[in-house]
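Asks: Generate a structure from the sequence data that follows.
(chains A and B)
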Amino acid sequence: MHNRQITIDNITKIEGSAGLKVTVEEGVVTDLKFIIKDYRRFYTEAVKGKPLIAVPSFLSRICGTCSVAHLFAALEALEKSQEIKVTEQTKLLRRLSYDGLIIRDHALHLYFFVLPDILGIDSILDIPDDPGNIGYTLLHDSFDIKKAGTEITNVIIGAAIHAPLPTIGGFLKLPDPSLFPQLISKLEAIRPQVLRGIKTFSQWPQSLMRNSDYLCLRNDRQFDFLEGQIINSSGKRVPEEKFHDFLKSVVIPYSQAEGYVFSDSHEDYLVGALARINFNKDLLHPQTKMDCQTYLQTFPSNNIYHNNLAQAIEILQCVDDALDILKTIRINQEGPVRKSFQAGIGVGVVEAPRGILYHKAVVGEKGLIEDYDVIVPTAQNQINIESDLKKYFNENLDKDEQTLRLDAEKIIRAYDPCMSCATNFLKIDWIRK
Amino acid sequence: MDQQKKLVVGWFSFTCSEDSTILFTELLNDHLDEWKKVVEFRYLKALKSKNEIAGLDVAFIEGAVSSDTQAEEVKKIRGHAKYVVAVGACACTGMPSASRNEFVSDEVNQKIAYYLHHFDYSQKVKKLDEVIKVDDQVPGCPMTVSIFLEILTKYLKLFNISPDA
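Replies: Here you go, the predicted structure:
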């Protein structure tokens, strides 16, 4: 076996900028670097000294696609720091808008980034303008699905990106219930399209199996992206506020973002839809469970490509959950819960579309931020991505270089990574890799 | 039959949250079929892997410029594009990606020094027109959709490209 180096300078069809460098010597991968290239913006330093009321909106700017996840994690952390308990209506409206986020965000990833791989083309731009072509049908399904998700967030929180209405303690303005029937109609209309997508992603035969740990939030009462305890494959349960204690930050010198290891039985771990469906499929909405019965037999799965199928199932979960809420909620006119400022520490953990997102706020007695920490899913998945790629390359070095490059990109894409998220922060407790 | 010339467009992202890119992908829900007839997306890393920067009519650039490497990249884009449009707050004003320019604490600056020296960060984060000539701006965080659509229409007209042809 000859020596060679395979370099992908810019991985495409992902959020943000990343590259890959693989060194092969005597038929063995001797070095593999997954390199996150986005430049840091140091937002966790920039928020220090800001009044807490301004922080959620500022931190939603960490990410374009999952800004609502950062917004809600920040709200939770800050509300806990102030011992503010929001109303049941606020919880329900946040849950509803989060359904909208997941529908839009997963659909963007699955249809705009992954679907071309399934169709064997480079881009959605190459899909022929032929209504008889399955690619055309699925692409136009995705337009309707994404729009339905976006419209939920527009109606409930004012926008899909950097939503202006959620605030500490509740909402600055409550949604107009007269708009709910049209949301219900749109969600009912996309349901068959979502099912067509699930079938498509279930039939993709790609496979890469590896035994890593999985972590996600679990709320024993319902399938939940916003509340619960963190669980892993060994059955460990960690309260949100203790999560950081179980992580070790790992400096990866060639990457702009840190990796993480979880102090337990596995050398690496994965967060995201695959972990959620592996652990929480019993909690899915009854209608989702019924219509996905066949597909759910696939889980638990160690195949990273099933992260795509898991996301497709989560779209249906969020459609069914949103329908339930929209059909039953009665809006009471109420303002946000307010309290005088107090010194405190709060942790907010949510399931962002691509996995566990952790925010921790330290607030002084005048309501100014003294310290802030954020741990994002893509940084957590970084080591797992490298381990998957090492396994893939070591088992497939006989393949031609173009196939290796394409497959490597497909594996990375399956994680739905977001580099913009991964590079905002400053960590100081390091283990060097 | 002669095919109508298409507006050759590149879409680039530098230091930012890519919220305008995400908003752009949302606009495709309603506009992709129409734009495919009149726009050639020659560089659009978010959606395709085969990208080129040569011969662009218009380059839309999102994000602030954090390093000399990025500055060289935007200069290269400028050299290949007849017009350049800055998209979103970070490209137009630098903020919020340029937050580190405002850090005054020695302690904070010492902490971030590792990253600034280990990677190729420039001393200050710059907005786009501090590095290259910019012909138009789409402000907003994310970009203001109506202004983006106006500017796209303006360039379609400038290059005599009609959606109805």
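
Asks: other SSEs contacting whichever helix in chain B runs longest?
Replies: Longest among the helix segments of chain B by residue count, using DSSP state H, is helix B:19-38. Packing partners of helix B:19-38 (3 or more CB pairs under 8 Å, 6 or more residues apart in numbering or on different chains; DSSP states H and E): helix A:134-157, strand B:7-13, helix B:145-158. For every residue, glycine as well, the C-beta is placed using N, CA and C.

Asks: Sheet-wise, list the partners of the following helix or strand past that helix with their directions.
Replies: Proceeding N to C from helix B:19-38, the next assigned helix or strand is strand B:39-44, under DSSP states H and E. According to DSSP bridges, strand B:39-44 forms sheet pairs with strand B:7-13 (parallel).

Asks: could you dump the strand it pairs with to CSV, C-alpha only?
Replies: Extracted in CSV, the C-alpha atoms of strand B:7-13 (Å, rounded to 0.1, in the frame of the first residue of the first chain):
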residue,chain,number,x,y,z
LEU,B,7,-27.0,36.4,-13.8
VAL,B,8,-23.9,34.7,-12.6
VAL,B,9,-24.0,34.8,-8.8
GLY,B,10,-21.7,33.8,-6.0
TRP,B,11,-22.8,33.5,-2.3
PHE,B,12,-20.0,33.6,0.3
SER,B,13,-19.9,33.4,4.1
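
Asks: so which helix or strand takes in whichever residue of the stretch 201-350 of chain A sits closest to chain B?
Replies: Distances between the stretch 201-350 of chain A and chain B by CB to the nearest CB are smallest at residue A:256, namely 6.5 Å. Using DSSP H and E, residue A:256 maps to neither a helix nor a strand.

Asks: relative orientation of the host helix or strand of residue A:310 and helix A:134-157 in degrees?
Replies: Residue A:310 is part of helix A:306-328, with elements assigned from DSSP H and E. Here helix A:306-328 points in a direction 50 degrees away from that of helix A:134-157 (axes from the mean of the first three to the mean of the last three CA atoms, to 10 degrees).

Asks: So for residue A:350, what's the pLDDT?
Replies: For residue A:350, the model assigns a pLDDT of 98.

Asks: What lies in contact with the lowest-mean-pLDDT helix or strand in chain B?
Replies: In chain B, the helix or strand scored least confidently by mean pLDDT, DSSP states H and E is helix B:106-118, which has a mean of 77. For helix B:106-118, contacts defined as CB atoms under 8 Å, 6 or more residues apart in numbering or on different chains pick out A:40, A:42, A:45, A:48, A:253, A:256, A:426, A:428, B:100, B:103, B:121.

Asks: let's see 6 Å
Replies: Applying CB atoms under 6 Å, 6 or more residues apart in numbering or on different chains, the external contacts of helix B:106-118 come out as A:40, A:42, A:45, A:426, B:103.

Asks: residues touching residue A:180, list them.
Replies: By CB under 6 Å, 6+ apart, the residues touching residue A:180 are residue A:326.

Asks: Now the one helix or strand it maps to: buried residues?
Replies: Residue A:180 is part of helix A:180-202 when elements are defined by DSSP H and E. Buried residues in helix A:180-202, counting neighbours by 16 or more other CB atoms under 10 Å in any protein chain shown, are found at A:180, A:183, A:186-187, A:190-191, A:193-195, A:197-198, A:200-202.

Asks: okay, those in a markdown table with pLDDT and distance to residue A:357 next?
Replies: What follows is these, written out as a markdown table (pLDDT from 0 to 100; distance: CB to CB, whole Å):
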| residue | pLDDT | distance to residue A:357 |
| --- | --- | --- |
| A:180 | 98 | 28 |
| A:183 | 98 | 26 |
| A:186 | 98 | 27 |
| A:187 | 98 | 25 |
| A:190 | 98 | 26 |
| A:191 | 98 | 28 |
| A:193 | 98 | 28 |
| A:194 | 98 | 24 |
| A:195 | 98 | 28 |
| A:197 | 98 | 25 |
| A:198 | 98 | 25 |
| A:200 | 98 | 28 |
| A:201 | 98 | 24 |
| A:202 | 98 | 27 |
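
Asks: Show me the two of these that sit farthest apart.
Replies: Among the buried residues of helix A:180-202, the pair separated by the greatest distance (CB to CB) is A:180 and A:202, at 31.7 Å.

Asks: The nearest residue to residue A:415 once chain neighbours are set aside: neighbouring residues, count only.
Replies: Residue nearest to residue A:415 in three dimensions, not counting chain neighbours: residue A:381, with 5.3 Å by CB to CB, 6 or more residues apart in numbering or on different chains. Residue A:381 has 31 neighbouring residues, counting by other CB atoms under 10 Å in any protein chain shown.

Asks: Over to residue A:381. Which of the three states is it?
Replies: Taking DSSP: H, G, I helix; E, B strand; the rest coil as the rule, one finds residue A:381 in the helix state.

Asks: Per-residue pLDDT of it, please?
Replies: On the pLDDT scale, residue A:381 is placed at 92.

Asks: Please state the backbone phi and psi of residue 47?
Replies: No chain was given, so I picked chain A. Dihedral pair for residue A:47: phi -80, psi -10, per degrees, to the nearest 10.

Asks: nope, chain B
Replies: Dihedral angles (degrees, to the nearest 10) for residue B:47: phi -120, psi -10.

Asks: quick one, what contacts residue A:107?
Replies: Counting by CB under 6 Å, 6+ apart, residue A:107 touches A:142, A:145, A:146.

Asks: Quick one: neighbours of residue 83, just the number.
Replies: Because you didn't say which chain, this covers chain A. 10.

Asks: actually chain B
Replies: Residue B:83 has 19 neighbours, counted by other CB under 10 Å.

Asks: The residue lying closest to residue A:20 once chain neighbours are set aside: what's it in contact with?
Replies: Of all residues beyond its chain neighbours, the one nearest residue A:20 is residue A:8 (4.4 Å), with distances taken as CB to CB, 6+ apart. Neighbour list for residue A:8: A:19, A:20, A:405 [criterion: CB under 6 Å, 6+ apart].

Asks: Which one (most neighbours) among those?
Replies: Using other CB under 10 Å as the neighbour criterion, residue A:20 leads those with 23 neighbours.

Asks: Show the subsequent helix or strand relative to whichever strand or helix holds it.
Replies: In this assignment (DSSP H and E), residue A:20 forms part of strand A:18-25. Next along the chain after strand A:18-25, taking DSSP H and E as the criterion, comes strand A:28-36.
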